[in-house]
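# coordinates only, sequence not included:
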């Protein structure tokens, strides 16, 4: 016996239109007010057939120690070190994990923060208060 299999007709494959648009290149995030917080960054790309060659994107710069390294630089940090009793600071090191938007990031960073409250021993002794009977 002879088996004939009928397959549905498939439309001819469309050739993917090759875009001559380049990759987006992003500026650093510029805060709207002050030196941190919400802001914008500008993006540009080149290409004769590109429908969009510039655009603006919202971004945010952290208002803490991270702003000194840039919001686009993501680091993997080690544990905090012991407290330095001379400076009352503890430090840790971070290695670059990812640079967003073509950011220029340091490969390694070191940050410090206050150790927090150092507990001092409380003096052991009797209270100087006198109890007075009325």
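Great, that's in hand. Because the structure is a prediction, the values reported are computed rather than measured.

# which neighbouring elements make contact with the lowest-mean-pLDDT helix or strand in the chain?
Of all helical and strand segments in the chain, the minimum by mean pLDDT, DSSP states H and E falls on strand 30-31, at a mean of 84. When contacts are defined as 3 or more CB pairs under 8 Å, 6 or more residues apart in numbering; DSSP states H and E, strand 30-31 packs onto strand 37-44. Placement of C-beta: from N, CA and C, glycine included.

# contact partners of the least confident helix or strand of the chain?
37-41, 61 (CB atoms under 8 Å, 6 or more residues apart in numbering).

# next secondary structure element downstream of the strand ranked longest in the chain?
Counting by DSSP state E, the longest strand found in the chain is strand 89-99. Per DSSP states H and E, the first helix or strand lying C-terminal to strand 89-99 is strand 108-114.

# now that following strand: buried residues?
109, 111 (16 or more other CB atoms under 10 Å).

# and the angle for it with strand 89-99?
140 degrees (axes from the mean of the first three to the mean of the last three CA atoms, to 10 degrees).

# helices or strands up against strand 108-114?
strand 89-99.

# do me a favour and average the pLDDT over the strand it packs on.
Mean pLDDT, computed over strand 89-99, is 91.

# what residues does it touch?
72-84, 105-115.

# residue 38: neighbour count?
12 (other CB atoms under 10 Å).

# ok, now residue 43?
The burial count for residue 43: 16, using other CB under 10 Å.

# how far away is it from residue 83?
Distance of residue 43 to residue 83, given as CB to CB, to the nearest Å: 44 Å.

# what do you get for residue 24?
44 Å.

# got it, and residue 94?
Counting by CB to CB, the gap from residue 94 to residue 83 is 19 Å.

# any stretches of this structure with poor pLDDT?
1-19, 64-68, 70, 117-134 (pLDDT under 70).
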